[in-house]
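Peer 1: Give the three-dimensional model of this entry:
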Amino acid sequence: MHQLNEDAIPHLARAMIFRRSMADHAPGKHMIELRNQVIISPVEPNDMADAKSRARKIMSSRPSDMPADPDDLSLLIDTIAMRYGLTSRGEAWRKIGINPNRGRNLFSRGQNAIDWPIWFTARAYAMG
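Peer 2: Residues are numbered from 1 along each chain as shown. Now for the predicted structure:
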């Protein structure tokens, strides 16, 4: 298992909070505002504990565990956005060198489309 970077946990927690909050909103430009609100909001201890548990699961994955869970990859993309102050998943995909259209396509194709190099890169940028 890779070393857990404690500095990444608040970003992961915020990504998890953002994803919960997204369920109450229709897609649109207001998502930028929601993401920005979550970035500056304090993180509650229970959210930190949940994030730490999820981080352990994510960091324990190995190439033999592929294909990865698309939900975990989506969470990593949201974590990248939180960590680097980006306003969209598209910007997060670009940050790791992947065209956002290809990133969306990975999610639409499901679990078998996610291979180790993409997973490892997203994990390194999110949890690095």
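Peer 1: any idea of the mean pLDDT for the helix or strand containing D71?
Peer 2: Taking DSSP states H and E as the criterion, D71 maps to helix 70-84. Per-region confidence: helix 70-84 scores 94 on mean pLDDT.
Peer 1: What of stretch 47-62?
Peer 2: 94.
Peer 1: ok, residues contacting that stretch?
Peer 2: Stretch 47-62 is contacted by residues 1-4, 8-10, 12-13, 16-17, 43, 68, 72, 75-76, 119, 123, 127 when judged by C-beta atoms under 8 Å, 6 or more residues apart in numbering. C-betas here are computed from N, CA, C, even on glycine.
Peer 1: just to revisit the earlier point, from the chain's centroid, how far away is the helix holding D71?
Peer 2: 1 Å (C-alpha atoms, centre = their mean, to the nearest Å).
Peer 1: contacting residues for the closest residue in space to V43 that isn't next to it in sequence?
Peer 2: Counting by C-beta to C-beta, 6 or more residues apart in numbering, A13 is the residue found nearest to V43 once chain neighbours are left out, at 4.6 Å. By C-beta under 8 Å, 6+ apart, the residues touching A13 are 43, 47-48, 50-51.
Peer 1: Of these, just say which sits nearest to I32.
Peer 2: Set against I32, the nearest of these by C-beta to C-beta is V43 (19.9 Å).
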